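K.L.:
coords below, sequence missing:
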Ligand code: DON
């Protein structure tokens, strides 16, 4: 009975919102509202967050509810078994970030993923329990609630429990995603049981129930942290670790805690950029790139022209070179934040950029620091009080380590690959690293996640972020440049083609629409290599127009997310 009631409820929320107003739109379309907005990669999770805002909850409440819902309805990246970053700008003007990034287990060691020849064991670092860092998401969402929540915790987690217990309707994209990963899911019994159909395939429109996950979420509801980091959940997780050579212990789980950190903040032209600092490289890299680009009148250069792609790519080479050397967990390595985001350092780099491309191997990380040593998801929330929240969360690859915790129903992350497992050897995103990001027990692995809030006249103007591993930074950068320098509408800024350079490999990656073929010759003459064509980013963005009072939300046209406002 309850099943039917909830089923029709969850379905009818989405159905009602979808057909009754322009306040709930699918990826690529604008949603315009006056009071509040949630943009996420999944329609049900957006609807859950939106209901919280309508109930009078604040943006942090809505972000928490959206986060728990994503763990149920968007298991490719939404998670309990991963980590993330939340950037908050309260209506009062206070800013802060919550760092609930995964950590290396206590018994981790520097060479843990190297075989007898000293090569990285890809299977071990990417798949199964061995790949997982200590999860932070549950602690992060609970910490956010304790600090800023205004509704009861039960109101924020119950929708997720109901969606897991009673099921939700699979969308086309989610059912296809499950089917696409079948060959990887069958490797783990605990995953196969839930995410593989013995015969046939998952289909859009069918009900998908996750009883074990509902039980885990219920333990979190009843016991909060202890429902995940202790008791039955911890028992199930560590048992699976012990049986399969994993590293995470009960002690690791007990010790996990979220860290409140100052955001990295800088002015880009007249706009204030508030973003995630280390252990993410995102905010620093974004600000460093903006600082370099600020030395030129970007709006005078035709958008996505040869000159533009060349200039931005050259700047990015320096940014990613520094990332490889200087960025890591600040609790373990003295990240030279102030120098990296200083305007004077950026102008030194700007002066090195010429009309011809510099070979990446000729570019070394800067030497100005004597005193200091495929899958993620983003969601953006804005409420009627003026609070802004920008969250990026991940289990790293699609479905993380592909292994579900037996009996607990959630995927483990494979975040250990974000460490530099061997100096100079690139990880799955092609990112090399060094001492700053080497494996040390309890250290957080370096991230590229870039949840960002931009203020104009000291009021929230743009809230955005993206998945995409190493490309997150360049994708977020381009949406910002499109909006601020090229004065595009949010719609155009999100629909414009993107490109990417990350120093190594020394190539420009690009999206189809840039028609790079026409520009290829000219770019090659300048010394660039043209790399692969690929989709870049899945941005979930909100733009607030304080003149009209419009709150505009768009989920990236490249994905299947939803913007919901009221
Ligand atoms: O934290 C990071 O930078 C990566 N673990 C993010 C992975 C990611 O974005 C994959 N998604 N497409």
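P.N.:
Structure's in. What do you need? Model, not experiment: these values are computed from the prediction. Residues are numbered from 1 along each chain as shown.
K.L.:
hang on, isn't residue 88 packed against residue 143?
P.N.:
No. Using C-beta atoms under 8 Å, residue 88 is not in contact with residue 143, being 11.3 Å away. For the C-beta atoms, the positions are set from N, CA and C on the backbone; glycine is no exception.
K.L.:
Among those two, which residue is more densely surrounded?
P.N.:
The residue with more neighbours, out of residue 88 and residue 143, is residue 88; 26 against 22, by other C-beta atoms under 10 Å.
K.L.:
Can you list the strands that whichever helix or strand that one is part of pairs with?
P.N.:
Assigned by DSSP states H and E, residue 88 belongs to strand 83-89. For strand 83-89, the paired strands and their directions (DSSP bridges) are strand 95-100 (antiparallel), strand 388-394 (antiparallel).
K.L.:
Indicate which one of the ones you listed is closest to the ligand.
P.N.:
Ranking the strands paired with strand 83-89 by their distance to the ligand (criterion: C-beta to the nearest ligand atom) puts strand 388-394 first, at 4.7 Å.
K.L.:
mind checking how far that closest one is from the chain centre?
P.N.:
Relative to its chain's centre, strand 388-394 lies at 7 Å (C-alpha atoms, centre = their mean, to the nearest Å).
K.L.:
after that strand, next one along is what?
P.N.:
strand 452-456.
K.L.:
quick one: average confidence on stretch 157-172?
P.N.:
Stretch 157-172 carries an average pLDDT of 98.
K.L.:
Also stretch 101-109?
P.N.:
Computed over stretch 101-109, the average pLDDT equals 98.
K.L.:
what's the first-to-last distance across it?
P.N.:
From its first residue to its last, stretch 101-109 covers 18 Å (C-alpha to C-alpha, to the nearest Å).
K.L.:
Quick check: buried residues in that stretch?
P.N.:
101, 102, 103, 104, 105, 108 (16 or more other C-beta atoms under 10 Å).
K.L.:
Residue 530: which of those residues is nearest?
P.N.:
Within the buried residues of stretch 101-109, proximity to residue 530 (C-beta to C-beta) peaks at residue 101, which comes in at 33.9 Å.
K.L.:
What parts of the protein come near the ligand?
P.N.:
By the rule C-beta under 6 Å from any ligand atom, the part of the chain lying against the ligand is 374-376, 394, 396, 415, 418, 447-449, 467-469, 472.
K.L.:
Buried members of the residues you listed into PyMOL, please.
P.N.:
Per 16+ other C-beta under 10 Å, the buried members of those correspond to this PyMOL selection:
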select buried, resi 375+376+394+396+415+418+447+448+449+467+468+469+472
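K.L.:
In JSON lines: the residues of the chain next to the ligand, plus pLDDT.
P.N.:
Listed next are the residues of the chain next to the ligand as JSON lines, based on pLDDT from 0 to 100:
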{"residue": "374", "pLDDT": "62"}
{"residue": "375", "pLDDT": "83"}
{"residue": "376", "pLDDT": "97"}
{"residue": "394", "pLDDT": "98"}
{"residue": "396", "pLDDT": "98"}
{"residue": "415", "pLDDT": "98"}
{"residue": "418", "pLDDT": "98"}
{"residue": "447", "pLDDT": "98"}
{"residue": "448", "pLDDT": "98"}
{"residue": "449", "pLDDT": "98"}
{"residue": "467", "pLDDT": "98"}
{"residue": "468", "pLDDT": "97"}
{"residue": "469", "pLDDT": "97"}
{"residue": "472", "pLDDT": "98"}
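K.L.:
Identify the farthest-apart pair in the residues of the chain next to the ligand.
P.N.:
Taking C-beta to C-beta, no two of the residues of the chain next to the ligand sit farther apart than 415 and 468, at 15.5 Å.
K.L.:
Tell me the buried residues in the top helix by length along the chain?
P.N.:
If you go by DSSP state H, the chain has its longest helix at helix 306-326. Neighbour-count burial for helix 306-326, counted by 16+ other C-beta under 10 Å, picks out 306, 308-326.
K.L.:
C-terminal to that helix, what's the next element?
P.N.:
Using DSSP H and E, the next helix or strand after helix 306-326 towards the C-terminus is helix 337-340.
K.L.:
Just the buried positions in the very next helix or strand once past that next one, please.
P.N.:
Under the assignment DSSP H and E, the closest C-terminal helix or strand after helix 337-340 is helix 343-352. Of the residues in helix 343-352, 345, 346, 349, 350 count as buried by neighbour count, 16+ other C-beta under 10 Å.
K.L.:
nearest spatial neighbour of the third one, skipping sequence neighbours?
P.N.:
Which is residue 349. residue 318 (4.7 Å; C-beta to C-beta, 6 or more residues apart in numbering).
K.L.:
swap in residue 202?
P.N.:
According to C-beta to C-beta, 6+ apart, the nearest residue to residue 202 is residue 175 (4.0 Å).
K.L.:
so how many other residues sit close to the one you found?
P.N.:
The tally of other residues near residue 175 (other C-beta under 10 Å) stands at 19.
K.L.:
I'd say it and residue 204 touch.
P.N.:
Yes. At 5.0 Å, residue 175 and residue 204 qualify as touching, with contact defined as C-beta under 8 Å.
K.L.:
Closest to the centroid, which residue in the chain?
P.N.:
Note on the chain: the residue nearest the mean C-alpha position is residue 392, at 3.3 Å, using C-alpha atoms, centre = their mean.
K.L.:
dump the residue contacts of that residue.
P.N.:
84-85, 276, 282, 376-378, 449-451, 465-467, 472 (C-beta atoms under 8 Å, 6 or more residues apart in numbering).
K.L.:
between those residues, which has the most around it?
P.N.:
residue 378 (35 neighbours).
K.L.:
Now that residue: which helix or strand?
P.N.:
strand 376-382.
K.L.:
circling back to that earlier point, which neighbours do residue 88 and residue 143 share?
P.N.:
Joint contacts of residue 88 and residue 143 (C-beta under 8 Å, 6+ apart) are residue 98.
K.L.:
in the stretch 151-300 of the chain, what residue is nearest the ligand?
P.N.:
The ligand sits closest to residue 280 of the stretch 151-300 of the chain, with a gap of 7.0 Å, by C-beta to the nearest ligand atom.
K.L.:
Without its sequence neighbours, what residue ends up closest to that residue?
P.N.:
Nearest residue to residue 280, sequence neighbours excluded (C-beta to C-beta, 6+ apart): residue 447, at 4.2 Å.
K.L.:
give me phi/psi at whatever residue of the stretch 1-150 of the chain ends up closest to the ligand?
P.N.:
Going by C-beta to the nearest ligand atom, the ligand is nearest to residue 77 of the stretch 1-150 of the chain, at 7.0 Å. Backbone geometry at residue 77, expressed as degrees, to the nearest 10, gives phi -150, psi -40.
K.L.:
That one is in contact with residue 395, isn't it?
P.N.:
Yes. Using C-beta under 8 Å, residue 77 is in contact with residue 395, at 6.4 Å.
K.L.:
show me where the stretch 451-566 of the chain has helices.
P.N.:
472-484, 490-495, 516-525 (DSSP state H, counting those that start in this stretch).
K.L.:
Since that was my last question, I'll sign off now.
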